[in-house]
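Enquirer: After the sequence you'll find the predicted model.
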Amino acid sequence: MQFSEKRNISRWIIIMTSFFIVVLILWNTYSFFQIFKDEERIKMENWALAQKKINSADPNADVDMELPFQIIREPNIPIIVTEKDSIINTNNIDPDILKDKVKLYAFLQKLKNQNEPIVMRISENQTHNLYYGDSSLLNKLKYYPIALLLIIFLFGAVVYNFYKSTKMATQNKLWAGMAKETAHQIGTPLSSLLGWLEIMKADNVDETTVSEIEKDINRLQTIADRFSKIGSEPILEPKDIIAETEQSFDYLRSRFSKQVTFTFEAPKEPIMVSLNTALHSWTIENLVKNAIDAMRGKGRLLIVIENENNLVKIIVTDSGKGIPKKQFKRIFEPGFTTKKRGWGLGLSLTKRIVEEYHKGKIKVLNSEVGKGTTIQVSYKKISG
């Protein structure tokens, strides 16, 4: 049996054992509740007998009535005695309720719903009904299972979150390891390509061809550099975000279909931001590719950089299919995608690069189904 199968069996054994313990505690609590309820019923029957004895006692006879009076005084339980629906006696009732006849009869109805009445036969032609409520101890015991279930639910939620975060941390380590291994594997053929590029230059191959190949090799180096940084703290340096963004934008524009109209707008003066250039170019690439996918390779793509107080904003607008408002936040979740193919990692990775590595913000600024989407990335500028 594999380790993972044994772990799953152990997990189910723990779950079933926990469920059995919860059921046992709830059943035990219910049993205690019934025992206390039966004991209170006996107390009320004794109270009724004591009351009957006091009412029928001859005041001139020398009879010891200490025990009946003690029984009447003992229970701290609300009591109402009626005769033909008229209240003739009360005990342990709130004075505010006793002052208001409407409240008193409403309270009587509440007692009727809690327990069956005890019939006090005074004589052959006269009977009284004794209605009583639950004691404070019984009321507390009544809500104990609910409190217990709430505690168990909260404990389960904590365990689940711990398990989920541990699982995610393990997955993150795995993906980081795979990313670094990918960067390592790319490095070998990349070194060979650099060698061949030098041979092509020595053989006087067409400069335009060599230049384009060199751009693509540099791009591969950038991609390898990106993957090598996954899972580690990136080094941020003061960079002109306009120049860095425009450089990535120009490269992508030259590699995509002419059916996409690319437009770039930005201030003339540099705007300095703490950036990791490799990861920032990945952000722009993911946003541009996502926009082009939304437009199905045909439409208008606009990138605008705005300088506002202590923030710089990169606004990417496409003329694609748009996003429903309820999905504005979900598009940044790992695995979420509207495409038939794809892992749904592009925008979630972009969010991590922007918010965790660069301490910026990314959000869907606005979107309309059938008209397009605007996504905004904002960073803090370097002061001075």
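Expert: Perfect, thanks for sending it.
Enquirer: the strands in the stretch 201-350 of the chain, which residues?
Expert: According to DSSP state E, counting those that start in this stretch, the stretch 201-350 of the chain carries its strands in the segments 237-240, 260-265, 272-275, 299-308, 311-318.
Enquirer: Let me know the angle separating the last one from strand 299-308.
Expert: I take that to be strand 311-318. When axes from the mean of the first three to the mean of the last three Cα atoms, to 10 degrees is applied, the directions of strand 311-318 and strand 299-308 differ by 170 degrees.
Enquirer: so what does strand 311-318 touch, helix or strand wise?
Expert: Judged by 3 or more Cβ pairs under 8 Å, 6 or more residues apart in numbering; DSSP states H and E, the packing partners of strand 311-318 are helix 241-255, helix 277-294, strand 299-308, strand 372-380. The way it works is simple: take the backbone N, C-alpha and C, and place the C-beta from them, glycine included.
Enquirer: Tabulate the strands of the stretch 201-350 of the chain (TSV), appending distance to residue 223 and mean neighbour count.
Expert: Output for these, formatted as TSV (distance: least, Cβ to Cβ, whole Å; neighbours: other Cβ atoms under 10 Å):
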stretch	distance to residue 223	mean neighbour count
strand 237-240	19	13
strand 260-265	21	14
strand 272-275	17	20
strand 299-308	21	17
strand 311-318	21	20
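Enquirer: Helix, strand, or coil at the closest residue to residue 136 other than its chain neighbours?
Expert: Nearest non-adjacent residue to residue 136, counting by Cβ to Cβ, 6 or more residues apart in numbering: residue 76, 7.2 Å away. For residue 76, the assignment made with DSSP: H, G, I helix; E, B strand; the rest coil gives coil.
Enquirer: My reading is that residue 51 is in a helix; is that accurate?
Expert: Yes: judged by three-state DSSP, residue 51 forms part of a helix.
Enquirer: Domain-wise, how is this structure divided?
Expert: Following the assignment in automatic domain parsing, the chain carries domains at 3-134, 233-380.
Enquirer: okay, the residue nearest the centre of the chain: pLDDT?
Expert: The centroid of the chain falls nearest to residue 161 when counting by Cα atoms, centre = their mean (9.4 Å). pLDDT, residue 161: 78.
Enquirer: hang on, it in a helix?
Expert: Yes: under three-state DSSP, residue 161 falls within a helix.
Enquirer: Can you show me the helices along the stretch 101-250 of the chain?
Expert: Applying DSSP state H, counting those that start in this stretch to the stretch 101-250 of the chain gives helices spanning 101-114, 136-202, 207-229, 241-255.
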